[in-house]
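*Asks:* Sequence and predicted structure, then a few things I'm wondering about:
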Amino acid sequence: MQHKIKLRPNEVKDFVSAASKCAFDVDISYNSFIVDAKSIIGVLGLNFNQILTVAYNGYDAEFEEFLGRFAVAV
């Protein structure tokens, strides 16, 4: 699955915490820069002026609901 989101630096801690609860790998990227969404340092290194893509193979209802707060229309 993939979702397009927009994050602000003050939301990173909550995002990483939600991703870390997932039993599957979660990546976050823009352009060709991909980081592990469970890594706070990796996520903080992203450009928050960009629309970010969250990609994963699995399903977690709480994570899906959480991502909905940051969804952007593309």
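*Replies:* That came through, no problem.
*Asks:* what's the burial count for the closest residue to residue 22 other than its chain neighbours?
*Replies:* Spatial nearest neighbour of residue 22, excluding adjacent residues (CB to CB, 6 or more residues apart in numbering): residue 60 at 5.0 Å. C-beta: built from backbone N, CA, C; applies to glycine. By other CB atoms under 10 Å, the residues close to residue 60 number 17.
*Asks:* for residue 7, same thing?
*Replies:* 18.
*Asks:* Contacts only, for it.
*Replies:* Residues in contact with residue 7, defined by CB atoms under 8 Å, 6 or more residues apart in numbering, are 15, 43, 46, 48, 52, 70.
*Asks:* Mind doing that once more with 6 Å?
*Replies:* Neighbour list for residue 7: residue 48 [criterion: CB atoms under 6 Å, 6 or more residues apart in numbering].
*Asks:* cool, and residue 58?
*Replies:* Contacts of residue 58 (CB under 6 Å, 6+ apart): residue 24.
*Asks:* how far away is residue 65 from residue 47?
*Replies:* Residue 65 is 26 Å from residue 47, where distance means CB to CB, to the nearest Å.
*Asks:* With residue 16 instead?
*Replies:* 17 Å.
*Asks:* Compare those two (neighbour count), which wins?
*Replies:* Of the pair residue 16 and residue 47, residue 16 is the one with more neighbours under other CB under 10 Å, namely 20 against 9.
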